[in-house]
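Chemist: Sequence and predicted structure below; questions after.
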Amino acid sequence: MPRPAPGGGRLRAGVADIAGGPAAYLSVGSGGIPVLLLHGFAGDRLTWQFNLSALAADRRVLAVDLPGHGGSTLDVGDGRVLSFAPWLLRFAEALEAPRFHVVGHSMGGYIGRELARLAPERVVSLTLLASAGLGTPFDLGFLRRAIAPADIAEGQACAERLFARPSPLTLRIGEVLHAQGADPARRATLERIVEASFAIHADGGPPVDWSGYPMPIQILWGREDRIIPLPPTERLPPGAPFRIFENSGHLPHTEAASPVTAAIRAFLSSCDDNTSDDR
C-alpha cells in the first residue's frame, strides 16, 4: 500500500514490467512536469531519500533503480551503461511521463546525458550532479574495490571516501557494498559495467558536443569530491550554471541535501516557466 512521504504526498514503490527487464522505482508527488532521478554506480533509488520529499512538493518524482542495481533487472547486456537510455525511455512511457526533467548523479549523470541526447524532445532539463563523463579522470580503483569489499570494514572504508566529513551513513553503505559483493550474480554484473563503461574512459572520456543538447543544463558538484573531482570548466556546457557545494564530497545531495535540493527545485521551476508543456 502507498504510505505518506515525509513532508506530504504519497510514496509508492513499484516495479514496471518493460522490455529489457523490470524497473523498480519509487514514485512520490503529483502534477507538474515529472522529474526522473538517476542514481550512481553501486547505488539505488534510496540514494535520493533526503531529496524526495522536497522535490515532490510541486511535481511528481520518479526514482528508478538502474539496470544491475537494486530491484531492477540484472540484464545489463555488454555492460555499456549508455545502452540503458532506451530502457529508461520505455520506463517513462510505462509510468505515463511523456516529458520529464532528468537529474543524474555520477554514473546516472552519464546515462542521463545520453538519454537527453537520444530524446531531446522529451527531456525538459538536465541536472548533472558530480557526473561521470565530463572530462575528469576518476578513481577506477575505487570502483573496483567497491564492487566486492572483502568484509564490512573494507566496505565502510569505501563508503568513507564518498563523503567529505564523517557520516553516520558510512556503516550502512559499507554493509550494502559488502552484501552486493557477496552475491555472485550482482558482482559479475557490476564488474561488467565497470570494465565496459568506465575502465576505457578512466581519463574522463572524450569532449562532449553540447550542440546536441537544446534543453537547459545545470552542473552541481561537491568541492571535496575524491571520486570524480571538479571538472575543467572548458568541458562544461557553455553558459550552464555550475554550482559548487563546500564541505561536500561525491554525495552532495546527501551531505548538503537542503541547498542541493533547493538548487534543483529552483532550476526545475525556471525550466517549467519556459516550457509550453501543459501543466
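Modeler: Happy to help now that I have it. As the structure is a prediction and not an experimental result, all values here were calculated from the model. Numbering: from 1, shown residues only.
Chemist: From here on, just use CA atoms for contacts and neighbour counts.
Modeler: Fine.
Chemist: For residue 166, the count of nearby residues, please.
Modeler: Residue 166 sits with 11 neighbouring residues when counted by other Cα atoms under 10 Å.
Chemist: Then the one 3 residues further on?
Modeler: Close neighbours of residue 169, defined as other Cα under 10 Å, add up to 13.
Chemist: show me where this protein has strands.
Modeler: Listed in chain order, the strands of the chain (DSSP state E) span 3-4, 10-16, 23-28, 35-38, 61-64, 100-105, 123-129, 217-222, 242-245.
Chemist: Mind putting those strands into a markdown table with mean pLDDT, distance to residue 173 and mean neighbour count?
Modeler: Shown next, in a markdown table, are the strands of the chain (pLDDT from 0 to 100; distance: least, Cα to Cα, whole Å; neighbours: other Cα atoms under 10 Å):
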| stretch | mean pLDDT | distance to residue 173 | mean neighbour count |
| --- | --- | --- | --- |
| strand 3-4 | 34 | 25 | 12 |
| strand 10-16 | 92 | 21 | 16 |
| strand 23-28 | 98 | 19 | 23 |
| strand 35-38 | 98 | 18 | 26 |
| strand 61-64 | 98 | 18 | 27 |
| strand 100-105 | 98 | 16 | 25 |
| strand 123-129 | 98 | 19 | 26 |
| strand 217-222 | 98 | 19 | 24 |
| strand 242-245 | 98 | 22 | 16 |
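Chemist: Which of those strands sits closest to residue 161?
Modeler: The minimum distance between residue 161 and the strands of the chain falls on strand 217-222, with 12.6 Å, by Cα to Cα.
Chemist: buried set for stretch 77-85?
Modeler: The neighbour-count criterion (16 or more other Cα atoms under 10 Å) identifies 79-82, 84-85 as the buried residues of stretch 77-85.
Chemist: Same check on stretch 155-174?
Modeler: Neighbour counts over stretch 155-174 (16+ other Cα under 10 Å) mark 155-164, 170-171, 173-174 as buried.
Chemist: Can you tell me which of the residues you listed lies closest to residue 46?
Modeler: Comparing the buried residues of stretch 155-174 against residue 46 with Cα to Cα picks out residue 173 as the nearest, at 11.1 Å.
Chemist: where does the nearest residue to that closest one once chain neighbours are set aside sit relative to residue 135, distance-wise?
Modeler: Closest residue in space to residue 173, ignoring its immediate chain neighbours: residue 159 at 6.0 Å, by Cα to Cα, 6 or more residues apart in numbering. Distance from residue 159 to residue 135, counting by Cα to Cα, to the nearest Å: 24 Å.
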